[in-house]
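A.B. asks: generate a structure from the sequence data that follows.
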Amino acid sequence: MMKKPTASMPQGIAGANAAYYQRLTQLAQESQQRWMELGRRLADQHTNNTLSTLSPLQHTGDWQSIAPALGEMTRKQWQAQLEASQAITHAALQEQAALTAGLGEAMSGWFKLATGGGIAPAPFPMTQIWTAMSDQMAAACAAMRDANQPGDRHDG
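C.D. replies: This is a model prediction of the structure:
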């Protein structure tokens, strides 16, 4: 005798899918905001560095000092680009850790909602794979956080 599927299972999966995609959307929006803030900060620093290097030329009117000023501006821009590169690398590692953790949470939430929270993970091979993958994500996030402690930050 075949068992009839219950109506709650498809609704549970639909609700789980909706919650999962909402969390992914939220993660993407948060990531976008952090990248926009970093870009804005780096652009502001570049503008301030350029203006501070050229501002003495406006006050003295001595255009013979333009060659040293351009050399200094080039040096400052090179240094700023190096610092920006470090900031972007640091931000990329933080984003990877945040997105991995968020995706793991979203997937765990999806599984709980889809199964109604009533399925024990041990007896099913798929849930064992799921648990192992979530544990690996958590370990990778912890390792990335440890490798990028605030003291190691060089983004000026």
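A.B. asks: now the most centrally placed residue in the chain. Nearest residue, chain neighbours left out?
C.D. replies: Centroid-nearest residue in the chain, with C-alpha atoms, centre = their mean: residue 95, separated by 1.7 Å. Nearest non-adjacent residue to residue 95, counting by C-beta to C-beta, 6 or more residues apart in numbering: residue 31, 5.5 Å away. (Each C-beta comes from the backbone N, C-alpha and C, glycine too.)
A.B. asks: which residue ranges of the protein form strands?
C.D. replies: Assigned strands in the chain: none (criterion: DSSP state E).
A.B. asks: hmm, back to that, surely the residue nearest to the centre of the chain touches residue 35?
C.D. replies: Yes: using C-beta atoms under 8 Å, residue 95 is in contact with residue 35, at 7.5 Å.
A.B. asks: re earlier: and the residue nearest to the centre of the chain, how far from residue 72?
C.D. replies: Separation of residue 95 from residue 72 (C-beta to C-beta, to the nearest Å): 34 Å.
A.B. asks: helices of this structure, start to end?
C.D. replies: Under the criterion DSSP state H, the chain carries helices at the ranges 8-60, 66-115, 125-147.
A.B. asks: show me where this structure dips below the pLDDT cut-off.
C.D. replies: 1-10, 58-63, 65, 117-124, 126-127, 130, 148-156 (pLDDT under 70).
A.B. asks: got a list of what the residue nearest to the centre of the chain touches?
C.D. replies: Contact analysis of residue 95 by C-beta atoms under 8 Å, 6 or more residues apart in numbering lists 31, 34-35.
A.B. asks: for those residues, which one is nearest residue 131?
C.D. replies: Ranking these by separation from residue 131, with C-beta to C-beta as the measure, puts residue 31 on top at 26.0 Å.
A.B. asks: so how far is residue 103 from that closest one?
C.D. replies: From residue 31 to residue 103 the distance is 11 Å (C-beta to C-beta).
A.B. asks: now swap in residue 97 and tell me
C.D. replies: With C-beta to C-beta as the criterion, residue 97 and residue 103 are 11 Å apart.
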